[in-house]
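**Student:** can you look at this prediction? I've put the sequence above it.
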Protein chains: 2
Amino acid sequence: MDEFELIRRFFDRPSTTADLGVGDDAALIQVQPGYQLAISTDMLVEGRHFFPDVDPYALGHKVLAVNLSDLAAMGAQPRYATLAIGIPRVEIAWLEAFSAGFFNLAKQYGVELIGGDTTRSAEHVFSVTIMGEVPTGAALRRDGAKVGDDIWVSGELGTAALGLLALKRPDKADQLKADHTSWKMMRMALEQPNPQVLLGQKLRGLVHACMDVSDGLLGDLPHILECSRVGGAVVGWEMIPCHPKLKDWLYGESSTSRRHALKALLAGGDDYQLLFTAPSEHDALIRALAQQLNIRLTPIGKICADPGLFIVSNEGELLEAPDLPSGGFNHFQ
Amino acid sequence: MDEFELIRRFFDRPSTTADLGVGDDAALIQVQPGYQLAISTDMLVEGRHFFPDVDPYALGHKVLAVNLSDLAAMGAQPRYATLAIGIPRVEIAWLEAFSAGFFNLAKQYGVELIGGDTTRSAEHVFSVTIMGEVPTGAALRRDGAKVGDDIWVSGELGTAALGLLALKRPDKADQLKADHTSWKMMRMALEQPNPQVLLGQKLRGLVHACMDVSDGLLGDLPHILECSRVGGAVVGWEMIPCHPKLKDWLYGESSTSRRHALKALLAGGDDYQLLFTAPSEHDALIRALAQQLNIRLTPIGKICADPGLFIVSNEGELLEAPDLPSGGFNHFQ
């Protein structure tokens, strides 16, 4: 199968909203008057972002999901994506499953694949560029947080990190995989995250700053503080919603398990939840939105004038090393 | 150096035309009323698209140039790009040179880097998504060729393929590198191609179909025929402008060198010239444009009703195997 046949067979779907889709030197689109185009790119590499034996359907889902999460964090409506793939060999069944995972999620959010590239490479590598529309001036940015804002998070943190632990650490695997339903949830959180696209759009007008948690709270929250040029933040680690297994470890006997749990919760990465700050007068509106969308939205701290990121217990005790994990995920650390 | 420091140091330049550039979950741009956005993506992988020891400045240039060439082929004005890079390790000097090559070309064409991703990978891999503006309805597409159209090509074909031959084949290297100036031209054609951005924009209104020659004439021209649903094309291989060294081989004694030369000319790839079809009444306008831009534009054949791609000599003799190369570059052949 040659490159063009491969594209035709797995990645060429008739365009619906684009003026010109896959198959020319470039695609052509129009942006609605009064809207900005939000654009983001992510690259996922085998062995770093996913295991070589990952389920290809889940992988097709995830390469799009992590990009959708970036648009969610901007409050944008997803519209178009391009997909560049490098693969070591052409495996029909693998490509069929990958493409099904990608297109099923794309369909769910009305995303049209308008271009891409396929090439051979030593390891699997994927790069998606996603484009969405947002009314001009209404995007949720990282730079608007104000002292006194509540800090909110959607869903749970740390569940994907638990899934990763179960796959990477044989000594933890038995415990984590014991309950089938619970293990399935961890695995889904890790391999098929659900981007908070609708939530992002509904948060327009309600929040001062927003981003998605992809590198863990300790890695990501500082970006909001830095971009917004506010002093710091206080976060109550016991307020952060998490999986029951994580809770067991957090309050269990074993100090090793407790550290694993704190690391998953605060620096785990791959959560793809939204982290946002809002003035307290929006508290009721945000709670109503949570009910309307049936999404858990939880206030976990406050933006403060003092510089620094302070992680505290319900009793106000500061979490410090060695219990405090050293930071979020960093590709070059 | 962590991921964010790396981005700040090498890839974060203040945004000028974008509403929001590098540093948030997504960039924000606006498209001028009455314009479409043209979007294209390419992925370049070490060992496949470039040698591991390639000059990083040239590589930074090339990853952007191949994308600019796609916009040139659409007649679009380049505006924005995103860059995702996977690298095995952080080498300051390498990244400095790469980023200088990228930004120097970006500046030349008014392209703003608005986003990206950096990650670690086993081999170097780069993915650029480029965006440009084109007046609505005026883009040069592949699907408009008509029977009777002249087929034109810009510049020379096969020079990059000669450069590749000099690097890959020690038995040919001495001959090809003997003349320093000539060797430098081959190497520049291969490693630092000049996309025909201005030409593409000036061709709006003059041509029926256009694309860039990246996989070789035999690989690319069939796309125009197929998209335009016209029968076929006759191309005079002796009409195609090429490097003097290639001409030596084409008309020399050695049948091996002749086949190498025909392969470089017709199926070489990496030329990044424009291939377009136009009605003969535009002949004078196209020649005037060539003079105005000081670019070589050459008619090399005709679109015909008979299905097939016929490569003929000046005497009308059909080029056949083994002299006829088997096709353009294909990543999965």
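**Tutor:** Thanks, I have the structure now. Everything numeric in this text was worked out from a predicted model, so none of it was measured.

**Student:** strands of chain A, start to end?
**Tutor:** All strands of chain A, identified by DSSP state E, fall at A:27-29, A:35-45, A:77-87, A:112-120, A:125-135, A:150-154, A:209-213, A:232-236, A:273-278, A:297-304, A:308-312.

**Student:** so is the second one next to chain B?
**Tutor:** Which is strand A:35-45. Yes: counting by C-beta under 8 Å from any C-beta of the partner chain, contacts between strand A:35-45 and chain B involve A:36-45. In this view, the C-beta of every residue, glycine as well, is placed from N, C-alpha and C.

**Student:** pLDDT and neighbour count added to those residues, as CSV?
**Tutor:** Listed next are those as CSV, based on pLDDT from 0 to 100; neighbours: other C-beta atoms under 10 Å in any protein chain shown:
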residue, pLDDT, neighbour count
A:Q36, 97, 26
A:L37, 98, 26
A:A38, 98, 30
A:I39, 97, 29
A:S40, 97, 28
A:T41, 95, 26
A:D42, 94, 25
A:M43, 95, 27
A:L44, 94, 22
A:V45, 95, 23
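
**Student:** Throw those into TSV and include distance to B:G86, thanks.
**Tutor:** Supplementary listing: the residues of strand A:35-45 next to chain B in TSV, determined by distance: C-beta to C-beta, whole Å:
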residue	distance to B:G86
A:Q36	29
A:L37	26
A:A38	24
A:I39	20
A:S40	17
A:T41	12
A:D42	11
A:M43	6
A:L44	9
A:V45	5
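
**Student:** for the stretch 151-300 of chain A, which residues are neighbours of chain B?
**Tutor:** Counting by C-beta under 8 Å from any C-beta, the stretch 151-300 of chain A sits next to chain B at A:210-212, A:227.

**Student:** so what secondary structure elements neighbour the longest helix seen in chain A?
**Tutor:** Scanning chain A for the longest helix, with DSSP state H as the assignment, gives helix A:56-74. Here helix A:56-74 touches strand A:35-45, strand A:77-87, helix A:92-108, strand A:125-135, helix A:180-191, helix A:197-202, strand A:209-213, going by 3 or more C-beta pairs under 8 Å, 6 or more residues apart in numbering or on different chains; DSSP states H and E.

**Student:** pLDDT (mean, whole number) over that helix?
**Tutor:** Averaged across helix A:56-74, the pLDDT comes to 96.

**Student:** list the buried ones in it?
**Tutor:** In terms of neighbour count (16 or more other C-beta atoms under 10 Å in any protein chain shown), helix A:56-74 has its buried residues at A:56-74.

**Student:** residue ranges in the stretch 1-150 of chain A under the pLDDT threshold?
**Tutor:** A:1, A:4 (pLDDT under 70).

**Student:** what values do phi and psi take at A:D149?
**Tutor:** phi -60, psi 140 (degrees, to the nearest 10).

**Student:** go on, A:R204?
**Tutor:** Dihedral angles for A:R204 - degrees, to the nearest 10 - are phi -60, psi 130.

**Student:** list the contacts of it.
**Tutor:** A:75, A:134-135, A:138-140 (C-beta atoms under 8 Å, 6 or more residues apart in numbering or on different chains).

**Student:** confidence score at it?
**Tutor:** pLDDT at A:R204 comes out at 97.

**Student:** tell me how far it lies from chain B.
**Tutor:** Applying C-beta to the nearest C-beta, to the nearest Å, the value for A:R204 to chain B is 13 Å.

**Student:** ok, the residue positioned nearest the centre of chain A - contacts?
**Tutor:** The geometric centre of chain A, computed from its C-alpha atoms, lies nearest to A:Y272 (C-alpha atoms, centre = their mean), at 2.1 Å. By C-beta under 8 Å, 6+ apart, A:Y272 lies in contact with A:65-66, A:69, A:160, A:193-196, A:212-214.

**Student:** and with 7 Å instead?
**Tutor:** A:65-66, A:69, A:193, A:195, A:212-214 (C-beta atoms under 7 Å, 6 or more residues apart in numbering or on different chains).

**Student:** let's see the pLDDT reported for A:S182.
**Tutor:** With respect to pLDDT, A:S182 scores 86.

**Student:** what's the local residue count around the residue nearest to it when sequence neighbours are not counted?
**Tutor:** Of all residues not flanking A:S182 in the chain, A:K245 sits nearest, at 6.2 Å (C-beta to C-beta, 6 or more residues apart in numbering or on different chains). Using other C-beta atoms under 10 Å in any protein chain shown, A:K245 has 24 other residues around it.

**Student:** these two touch, right, A:K245 and A:A161?
**Tutor:** No: contact status for A:K245 versus A:A161: not in contact, 11.2 Å apart, counting by C-beta atoms under 7 Å.

**Student:** what's opposite the closest residue to A:D220 other than its chain neighbours in the beta bridge?
**Tutor:** Spatially, and ignoring its direct neighbours in sequence, A:D220 is nearest to A:V213 (5.2 Å; C-beta to C-beta, 6+ apart). Beta-bridge pairing of A:V213 under DSSP bridges involves A:Q273.

**Student:** how near is A:V213 to A:D143?
**Tutor:** Separation of A:V213 from A:D143 (C-beta to C-beta, to the nearest Å): 17 Å.

**Student:** between those two, point out the one with more neighbours.
**Tutor:** More neighbours surround A:V213 than the other of A:V213 and A:D143, with 25 against 16 (other C-beta under 10 Å).

**Student:** could you measure from the more buried one over to chain B?
**Tutor:** From A:V213 to chain B the distance is 11 Å (C-beta to the nearest C-beta).

**Student:** contacting residues around the residue nearest to A:A122 when sequence neighbours are not counted?
**Tutor:** Nearest-residue entry for A:A122: B:E123, 5.4 Å, with adjacent residues in sequence omitted and distances by C-beta to C-beta, 6+ apart. Counting by C-beta under 7 Å, 6+ apart, B:E123 makes contact with A:122, B:45-47, B:88.

**Student:** can you select the buried ones from those in ChimeraX?
**Tutor:** Command for ChimeraX, covering only those of the contacts of B:E123 found buried under the criterion 16+ other C-beta under 10 Å:
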select /A:122 /B:45,46
